[in-house]
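give me a model of this one.
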Amino acid sequence: MVARSTLLRLLAVAAVPGLALPSPASAQCRLCETPTTARDEAANGQDIRLEIETSLNFDRLILFGAGAGTALIRPDGSTSAQGAVSDIGPRAMVGSAVVHGQPGRAVRIELPRRILLHSISGGQISFDDVTSDLPSVPRLDSSGTLSFRFGGRLTVAGDADGEYRGDLPITVEYL
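Residues are numbered from 1 along each chain as shown. Presented below is the predicted three-dimensional model:
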C-alpha cells in the first residue's frame, strides 16, 4: 500500500467562565439584602487567569489505507500509534498551560472528555481521552501559578486527508 501523509492540528483555546463575579453588597439591614449563592471568586482583587503556552499539535500522521486508527500524545510528551495510523510526525507537541491567581488557592480545572475536529473540506475526526499531569487536588504555588501539560487520543477513520482544527475548552475556577 502507498502511505498517505495527513497534517492534523489541534489548537487549544481556553474558556474561563466567571472570572470576575460581583461580590455581595454590604448593607445596614441584613433582612433587606438580596441573598446570593455566588462565591466571591475575585477576593483581594486577584482574578484567576489561564494562559495557553503551547497548543496541542499532532503534526503529521502517516496513514496506511482507509481503515480506522488512533494517535496518542501523553502529557509527558510520549506518543504511540495504532491501526491505520502507522506513525506520528516528529514535531508533535503536547499542550501546556499556566494558571495564574491567588497564591496557595486550590483550583478546579476541567478538560473536556471529547471534542470533534473539522477540516475545511468538511471532514471530521474525534479527539478524546484527554489527560493531564495535574495533581488530584491542584493548588496554585506561593507565586500564584500552576503549570500543567495535557494530551489525548486522536481517532481517524476512513479518508481523513486534510488539516483539522478544533477548540479544547478548559475551565478553571477557585474551590
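
so how far is G123 from P75?
Using CB to CB, to the nearest Å, P75 is found at 27 Å from G123. In this view, the C-beta of every residue, glycine as well, is placed from N, C-alpha and C.

buried ones in stretch 95-108?
Counting neighbours by 16 or more other CB atoms under 10 Å, one finds that the buried residues in stretch 95-108 are G95, S96, A97, V99, H100, G101, Q102, R105, V107.

oh sorry, the question was meant for stretch 50-67
Quick answer for stretch 50-67 (16+ other CB under 10 Å): L50, I52, S55, L56, N57, F58, D59, R60, L61, I62, L63.

now those in a markdown table, with pLDDT?
Output for those, formatted as a markdown table (pLDDT from 0 to 100):
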| residue | pLDDT |
| --- | --- |
| L50 | 96 |
| I52 | 95 |
| S55 | 94 |
| L56 | 94 |
| N57 | 95 |
| F58 | 93 |
| D59 | 91 |
| R60 | 92 |
| L61 | 90 |
| I62 | 88 |
| L63 | 85 |
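
in a markdown table: those, plus secondary structure.
Output for these, formatted as a markdown table (DSSP: H, G, I helix; E, B strand; the rest coil):
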| residue | secondary structure |
| --- | --- |
| L50 | strand |
| I52 | strand |
| S55 | coil |
| L56 | coil |
| N57 | strand |
| F58 | strand |
| D59 | strand |
| R60 | strand |
| L61 | strand |
| I62 | strand |
| L63 | strand |
